[in-house]
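Novice: got a predicted structure plus its sequence, pasted below:
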Amino acid sequence: MTGQPGLLIEQLEAAHGRSPVLTGLDLTVDDGALACVLGPSGCGKSTLLRIVAGFHHAARGRVTLHGRLLDDGRTRVPAERRRIGYVPQDGALFPHLTVAANIGFGLPRADRRERVGEMLDLVGLEGLADRHPHQLSGGQQQRVALARALAPRPQLLLLDEPFAALDAALRTELRTEVAATLRRAGATAILVTHDVDEALTFADTIAVMRDGRIVQADSPNTLYHRPADAGIARALGEANLLRSKPADRHAITAFGPLPLTTGTEQDGVVMLRPHQLRMTDEPSPHCVRARVTACLFRGHDHRVECAPEEVGPDLPERLVFYTPVPPPPVGSQIHLRAEGPAHPLHTEIASAEAEAVGS
Ligand SMILES: Nc1ncnc2c1ncn2[C@@H]1O[C@H](COP(=O)(O)OP(=O)(O)OP(=O)(O)O)[C@@H](O)[C@H]1O
């Protein structure tokens, strides 16, 4: 990464017919960075990518790549002159062409052979050059689609949920592999997805999309631990929300005083991720007594839901925690303690109460 903005999107507005989809979207992707746009199905992620690629037009705003204007609602650079690669969900390979011909499609004849060889090497498909798409597995097909998109040396690569059709194990393997391949190639890329694990493991920067705009863009670590509001907290994973009062850089909560991630002057809501709650055999004044209501074994840990016994205004009706230690059966009483830091959210107490725990 160079820290220079590669792609700059400012106040982008777009619609399908009369329905507004993007409503003032800002996004910056540094040169050489892997960015991820995370948002629920139908929020406009594909529309955003299609505008950047040149397949759909902006109504207002500006899209520039390395300072070159691509679309401002009046002037548009045609898709084929943008030097942007696009990998759709299904790969969209040409079925009648071999792997090599798919990758080499549209490349200048002079260096086609050499470039196809480099790309096959990059995506680990040496030896499959003469196969046709129907002779490949889903994962191999997506690798060919990636190689085809990278072959013309695009300035930007757009990936529209390219792993969605694959099974869970292959998905994890391939996205790790693709992220490594893109880093090796020094590519600038945007992946859109509604899969939080994909976003967390793939990107340098995650931009959370809601209501047609980006509501927070940050590193995966910052977004997970320091989301701006309850909605963003939940977009990144499960969260326990507690009422709190600030006192001397601490949040005073039902679990006692917990250090805050950042200063706040107001009574409000703090977030604790499920791994910040622990079962304890030594009850202390800062423990919360609760009853186990549900437990899910997930191989590496257990996801446990419990209901606090002293329900009051400071505690939600339900807490969630993850533990590698098998919890007692449903119905048992447990004691929970919390480990800071607690993160204050810009969330109204009333709306936080209205929201249930969970993603
Ligand atoms: N060609 C189109 N004509 C009319 N409306 C469309 C068209 N394409 C998308 N839409 C609508 O625009 C909105 C945004 O769609 P878009 O495909 O950009 O969302 P998305 O976040 O990519 O969804 P998904 O994750 O399900 O692919 C949706 O309400 C969708 O129904």
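Specialist: Done, it's in.

Novice: name the nearest residue to Ser332, ignoring sequence neighbours.
Specialist: Val292 (5.2 Å; C-beta to C-beta, 6 or more residues apart in numbering). C-beta coordinates here come from the backbone N, C-alpha and C atoms, glycine included.

Novice: and the one you found, what's its pLDDT?
Specialist: Reported pLDDT at Val292 in the predicted model: 97.

Novice: thinking it is in contact with Leu336, fair?
Specialist: No - taking contacts as C-beta atoms under 8 Å, Val292 lies outside contact range of Leu336: 10.5 Å.

Novice: those two: who's more crowded?
Specialist: Remark: of Val292 and Leu336, Leu336 carries more neighbours, 22 against 18, as counted by other C-beta atoms under 10 Å.

Novice: wait, what's in contact with the more buried one?
Specialist: 255, 277-280, 287-290, 306, 319, 321 (C-beta atoms under 8 Å, 6 or more residues apart in numbering).

Novice: His346: neighbour count?
Specialist: Under the criterion other C-beta under 10 Å, the count of neighbours that His346 has is 13.

Novice: could you chop this protein up by domain?
Specialist: 5-225, 239-354 (automatic domain parsing).

Novice: these into TSV, with extra columns for distance to Ala233?
Specialist: TSV is the format used below for the domains of the chain (distance: least, C-beta to C-beta, whole Å):
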stretch	distance to Ala233
domain 5-225	9
domain 239-354	4
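
Novice: show me what the longest helix anywhere in the chain is packed against.
Specialist: The helix spanning the most residues in the chain, taking DSSP state H as the definition, is helix 168-185. Applying 3 or more C-beta pairs under 8 Å, 6 or more residues apart in numbering; DSSP states H and E, we find helix 168-185 packed against strand 34-38, helix 109-122, helix 138-150, helix 196-202.

Novice: nearest to the ligand, of these?
Specialist: strand 34-38 (8.6 Å; C-beta to the nearest ligand atom).

Novice: beyond the closest one, next helix or strand please.
Specialist: helix 45-53 (DSSP states H and E).

Novice: what's that next one packed up against?
Specialist: Judged by 3+ C-beta pairs under 8 Å, 6+ apart, the packing partners of helix 45-53 are strand 5-16, strand 19-30, strand 34-38, strand 84-87, strand 156-160, strand 189-193.
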